[in-house]
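Undergrad: coords below, sequence missing:
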């Protein structure tokens, strides 16, 4: 069986914390690859500042040159609200010889009980958990925790820094920062595509 890790999220923007999580899971579990999978509409978050195409491109730029990493555009192509259970069910049907691992940080571990059809999802995939400062790693669901350097870094923090005119250098890959500045993201000029915000 091919062993594939899925790192899902908005990637708004992707940052070094995402890369560290993927790298630690890749080596600790002995995965064949890790796929960065941007969602289209996140069930639990409002997406603002970058549209789906821009977030997908930033994910591609973030992993450029990293062997073993690739971008999975399945949820972007599917459109609509991106529910992990629905996505993984379809991916498993397309790739029956693949064993999927879903990589989550401490914020997601604490929130697993609110995920769509979580009991069924927990039977489909193996959760790989990575600690995050300020969050508890307790959950009734099976999560295999792995050791990883902890970074108090989030996409929200980076968007706030950009809005305040502060630097994000060394917090995101250089190519991602260049793209953000070229596209004028995370400021008053940003353009969010229709349908990108989570419905109320």
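TA: Nice, I can see it. All figures in this text were calculated on a predicted structure; none of them were measured in a lab. Residues are numbered from 1 along each chain as shown.

Undergrad: and the least confident helix or strand in the chain by mean pLDDT, what does it pack onto?
TA: Ranked by mean pLDDT, DSSP states H and E, the weakest helix or strand in the chain is helix 106-111, scoring a mean of 84. Contacts defined by 3 or more C-beta pairs under 8 Å, 6 or more residues apart in numbering; DSSP states H and E place helix 106-111 against strand 126-130. In short, each C-beta sits where N, CA and C put it, glycine included.

Undergrad: any idea how far the biggest helix by length in the chain is from the chain center?
TA: The helix that spans the most residues within the chain, counting by DSSP state H, is helix 16-29. On the basis of C-alpha atoms, centre = their mean, to the nearest Å, helix 16-29 sits 12 Å off its chain's mean C-alpha point.

Undergrad: for it, packing partners?
TA: Under the contact criterion of 3+ C-beta pairs under 8 Å, 6+ apart, helix 16-29 touches strand 2-9, strand 33-38, helix 52-63, strand 98-105, strand 126-130, strand 143-146.

Undergrad: what do you get if the cut-off is 10 Å, keeping everything else the same?
TA: Judged by 3 or more C-beta pairs under 10 Å, 6 or more residues apart in numbering; DSSP states H and E, helix 16-29 is in contact with strand 2-9, strand 33-38, helix 52-63, strand 69-71, strand 98-105, strand 126-130, strand 143-146, helix 155-163.

Undergrad: in the least confident helix or strand of the chain, what's buried?
TA: 106, 108, 109, 110 (16 or more other C-beta atoms under 10 Å).

Undergrad: and the first one, what does it touch?
TA: Spelled out, it's residue 106. Residue 106 sits next to 129, 130, 131, 132, 133, 134, 135, 136, 137, 145, 150 when contact means C-beta atoms under 10 Å, 6 or more residues apart in numbering.

Undergrad: Kindly report the same for the second one.
TA: Applying C-beta under 10 Å, 6+ apart, one finds that residue 108 lies in contact with 8-9, 44, 84, 102, 115, 127, 129-130, 132, 135, 139, 143.
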